[in-house]
Structure formats: C-alpha cells, structure tokens
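Student: Predicted model follows, preceded by the sequence.
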Amino acid sequence: MTGALAAEIVVDRGPFPVSASFEIEPGGCLAILGPNGAGKSTILAALAGLAPLASGTITLNGRTLDGPGRRRVPPEGRGVALLDQRSRLFPHLTVEKNLSFGPRALGLPRSQVRTVVDEWLGRLGLADRARAKPHELSGGQQQRVAIARAFASQPSVILLDEPFASLDAESGPIVRRVLADELARTGTTAVLVTHHLADAWQWADECLVLDRGRVVEQGPPDRLTMRPRREFTALLAGFGVLRGRWSGSTLDVGGVELPGEPDGVVAGQAAVGIVAPRDVAVSAPRGCAGVLAAAVTGVSVQAGVVRLDSSAGITAELSVDAARALGGGRLPSLGDSFDFAPHGLRVVPADEWQSPDVLSKRGTDYRSVADHQDVGGTEQQHSGRRARGRGTA
Ligand SMILES: Nc1ncnc2c1ncn2[C@@H]1O[C@H](COP(=O)(O)OP(=O)(O)OP(=O)(O)O)[C@@H](O)[C@H]1O
C-alpha cells in the first residue's frame, strides 16, 4: 500500500507550537531531524492522530484526516502505523498472535491470516519462536516482530520514530535490513525521525530540520550533508564552525585572519566559517600568522584516520602516521596545543545562522555520529524514494 501524504501541521501542546508543512509522494520517505525536544515526535503524533491540530490540514490520498471543520479521523482509521524505539508488542500475546492482530482487524479470513503470519515468521527468521511471548525475545527480535506487526495492518504510511535507537551493533543491521526490505516490497510511504544524517541519507530523499517547533532547514540529505545552512545541521554533518567577521577576503576570528570563500556574506558583516575536518591542517606550535593556536579537546581513531577536536571549535582529520609525528611518536593527548589551519572555509552571514543555544540543548554528541553510520547497504534500494518538504523556515 502506498499513500500520498500532504500535511500543514500546527500543534499546540508543549512549551511552544510545533509547525511544519510537507508533501510526500506515494512510496516516498521524509526524514525529520532536530535537537531533543524540537518537536519531531509531536509531528508524528499529529500524523498518527494522537495529537490534535491547532490549525492546518492532513490529507492522505486526498482524504482529509484532520483539518478545520472536519471530524478528526481516529488513529485506528487512518491507515497510518507508528513504530518507535520500543517495540510496544502486546506483552501477554505470543509472537504469532501479535502478528495476526492486524490481519484479523482487517477482516481477513482465518486461513488467510494463518498464511500471512507464516509468511511473516519465515521472512523474519522467527518461525521457531512463534509461540514465544515478547519478553522471551531479544530486543532486536522484538523490534523485528514490531515491524512485521506494523506492516501486517497494511498501512498507507508508516511513521518511524528512531526505530534503531535502542538496538545493539549486532541486531541493528538485521532490523534495518528487515525494515528496508518491507519498505521496498510494499512501497509504503514513510516518515522517519532520526538523530543521524546518515540515516536520513540512507532512507529519505528529503529532510526537515526542526528547532523549537520550527523548520529551520530543509532539503535533500546530500545538500544538508555537503552544504548545511544552519549550525545544527553543520555539526550533525561533522563540520567545524568558526565565528568571526568577514573582512572582504578573510574571516577575522579573534584577530586571526583566515582565508575563505564568501557565500552570501559582505565585507564588515558578522559571519560564520564552516570547514570539513579533512580541510584542517595541524602542526606543532610555531606562532605563524593565519592559524588558530588551540588545545586538543578530543581524540578518536577510526579505520586509520585520527580526528582531533580542538578548543577552537574545529576538528582536524589526519593519518595515524601524521598524528604520531605530531605527538612525538605517540598520538596527541587531550590538552596538547597545536596550530590548526583551516583551508577552504565557506563563509556565510551570521544572521542567517542558527542561534548558538542549539548546542547547549542537544542531548546527543552530533559531532561524532555523522561518521559512525554505515550509509552503504540499502542506500541503492531506496534511491527511488521521493518526498518533498515545504518547511516554514
Ligand atoms: N503529550 C505531550 N503533552 C505536552 N507536551 C508535550 C507532549 N509531548 C511532548 N511535549 C513537549 O513538546 C515539545 C516537543 O517534544 P517532542 O517529543 O515532539 O520532541 P522531539 O524532537 O521528538 O524530542 P526527542 O528528540 O527528545 O524525542 C517538548 O517540549 C515536550 O516536552
């Protein structure tokens, strides 16, 4: 089942109104990103019929689910399924009874329900656990059953609220595969809430970035990854961020003049420089012009690449050999001081930039997550999925 979803949502239930506006074509996937408490789950709640609209309209395949002067279609009548990080299986029912719940509610005859459930158990690799209760399954197995139960009710739209968040390294890829297969097999329209830009890239064609209930950035995942326009997105994508003033040819950061490429900024304007870790050179302190003297605030090594976070707010990426040379035969330590030289800063006007308090509100280390996700695997499979966001930024 697929569905064209159009939504103009304003929900007024928390400390601030949450508003967003988007359209998703049948079989498309929209990703919603943003700091904790931004309103991501509230949008899903509105789509699922769990939070009333203060204003706006939600239509699915031309049918109005919620809107002015309309009776709100209840959650069970929407053709919308919600899957979040807790499996929410019926604890007293066996796996097969959990799976048969949706098909029975659809009115399928008993023999057909049996067939559907058996097919599901086979696809999930859980045929031998049909009689088990949810608490007898691992977290990953429970989540696989929850995915099956959600799809077994043949929804037009599936709402995915951080569905991988509580899975370990072993079950995460299995659950991702099951979900990817089902989305591809059924062509179900999807809305994915995630804290990982890599997830958005893997699953969605369009992203909305929310902050305090407002859409602050929107666009395809590759654009957000390569050319973010807001601080939250830049940090999510792994860029370093520097604040200063654009002189016309350099960004003045506390008296240090750094070369950069202007992107909509004019001379004399407060500005923000964005730089990828691979474009930051590091050297032993020499007191040269055009470098930021800063202390190392974080060291990580992955697949032969060393990343040094700095007190200047930027991260450098270098080879293990280069890092060893820098550290005098060992890796640099926290507190070591070096000269950080960013090249190819993209400089944008500060007034178009997100307010700095975004960082203090976040609960996740967005600097690291961008690099720790596997964006391979199912990426190809979903490259045809389409969504169109029309945010209120
Ligand atoms: N049922 C509710 N009643 C009143 N306020 C709520 C309700 N659910 C959420 N809120 C508030 O609405 C705001 C947005 O919450 P929401 O859960 O949508 O954010 P989120 O972006 O999904 O956050 P997280 O990433 O932490 O899950 C928060 O301030 C939250 O406290």
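Tutor: That came in fine, so what should we check first?

Student: what's the straight distance from one end of stretch 324-337 to the other?
Tutor: Start and end residues of stretch 324-337 are separated by 14 Å (C-alpha to C-alpha, to the nearest Å).

Student: Can you mark which positions in that stretch are buried?
Tutor: Neighbour-count burial for stretch 324-337 flags 326, 327, 332, 336 (criterion: 16 or more other C-beta atoms under 10 Å). In this view, the C-beta of every residue, glycine as well, is placed from N, C-alpha and C.

Student: so which of those residues would you say is closest to the ligand?
Tutor: Among the buried residues of stretch 324-337, residue 332 lies closest to the ligand (C-beta to the nearest ligand atom), at 33.5 Å.

Student: Using the three-state scheme, assign that closest one.
Tutor: coil (DSSP: H, G, I helix; E, B strand; the rest coil).

Student: just residue 102 next, same as before
Tutor: helix.

Student: Could you do residue 192 as well?
Tutor: Residue 192 - assigned by three-state DSSP - is strand.

Student: if I look at it, how far off is the ligand?
Tutor: For residue 192, the distance to the ligand (C-beta to the nearest ligand atom, to the nearest Å) stands at 12 Å.

Student: and if you look at residue 284?
Tutor: As judged by C-beta to the nearest ligand atom, residue 284 and the ligand stand 41 Å apart.

Student: Also residue 344?
Tutor: Separation of residue 344 from the ligand (C-beta to the nearest ligand atom) stands at 32 Å.

Student: Run through the stretch 201-350 of the chain and note the low-pLDDT ranges.
Tutor: Under the criterion pLDDT under 70, no range of the stretch 201-350 of the chain is flagged.

Student: Could you pull out the helices in it for me?
Tutor: Assigned by DSSP state H, counting those that start in this stretch, the stretch 201-350 of the chain shows helices spanning 221-226, 231-236, 320-326.

Student: Look at residue 256 and say how many residues are nearby.
Tutor: Look at residue 256: counted by other C-beta atoms under 10 Å, it has 17 neighbours.

Student: isn't it right up against residue 292?
Tutor: Yes: taking contacts as C-beta atoms under 8 Å, residue 256 lies within contact range of residue 292: 5.8 Å.

Student: Throw the buried residues of stretch 324-337 into JSON lines and include distance to residue 105, thanks.
Tutor: As requested, the buried residues of stretch 324-337 are exported to JSON lines (distance: C-beta to C-beta, whole Å):
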{"residue": "326", "distance to residue 105": "63"}
{"residue": "327", "distance to residue 105": "62"}
{"residue": "332", "distance to residue 105": "60"}
{"residue": "336", "distance to residue 105": "62"}
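
Student: Only alpha carbons, please: show stretch 284-299 as PDB.
Tutor: Extracted C-alpha coordinates of stretch 284-299, given in PDB (Å, rounded to 0.1, in the frame of the first residue of the first chain):
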ATOM      1  CA  ALA A 284      53.400  21.900  16.100                       C
ATOM      2  CA  PRO A 285      53.000  25.400  17.500                       C
ATOM      3  CA  ARG A 286      55.100  27.800  15.500                       C
ATOM      4  CA  GLY A 287      53.200  31.100  16.100                       C
ATOM      5  CA  CYS A 288      52.600  31.600  12.400                       C
ATOM      6  CA  ALA A 289      50.000  34.100  11.100                       C
ATOM      7  CA  GLY A 290      46.700  32.700   9.800                       C
ATOM      8  CA  VAL A 291      46.500  29.700  12.200                       C
ATOM      9  CA  LEU A 292      44.400  29.100  15.300                       C
ATOM     10  CA  ALA A 293      46.500  28.100  18.400                       C
ATOM     11  CA  ALA A 294      44.200  25.700  20.200                       C
ATOM     12  CA  ALA A 295      44.300  22.700  22.600                       C
ATOM     13  CA  VAL A 296      43.200  19.200  21.800                       C
ATOM     14  CA  THR A 297      39.800  18.500  23.400                       C
ATOM     15  CA  GLY A 298      39.100  15.100  21.800                       C
ATOM     16  CA  VAL A 299      41.000  12.300  20.100                       C
END
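
Student: buried set for it?
Tutor: Residues of stretch 284-299 classed as buried: 291, 292, 293, 294, 296, 299 (neighbour count, 16+ other C-beta under 10 Å).

Student: how far is it from where the chain is centred?
Tutor: Distance, stretch centre to chain centre, for stretch 284-299: 32 Å (C-alpha atoms, centre = their mean, to the nearest Å).

Student: Can you name the residues in contact with that stretch?
Tutor: Under the contact criterion C-beta atoms under 8 Å, 6 or more residues apart in numbering, stretch 284-299 has outside partners 242, 253, 256-259, 283, 306-312, 314-315, 326, 331-342, 367.

Student: next one: stretch 96-111
Tutor: By C-beta under 8 Å, 6+ apart, stretch 96-111 touches 76, 89-90, 93, 112-114, 116-117, 120-121, 130-131, 134, 145, 148-150, 152-154.
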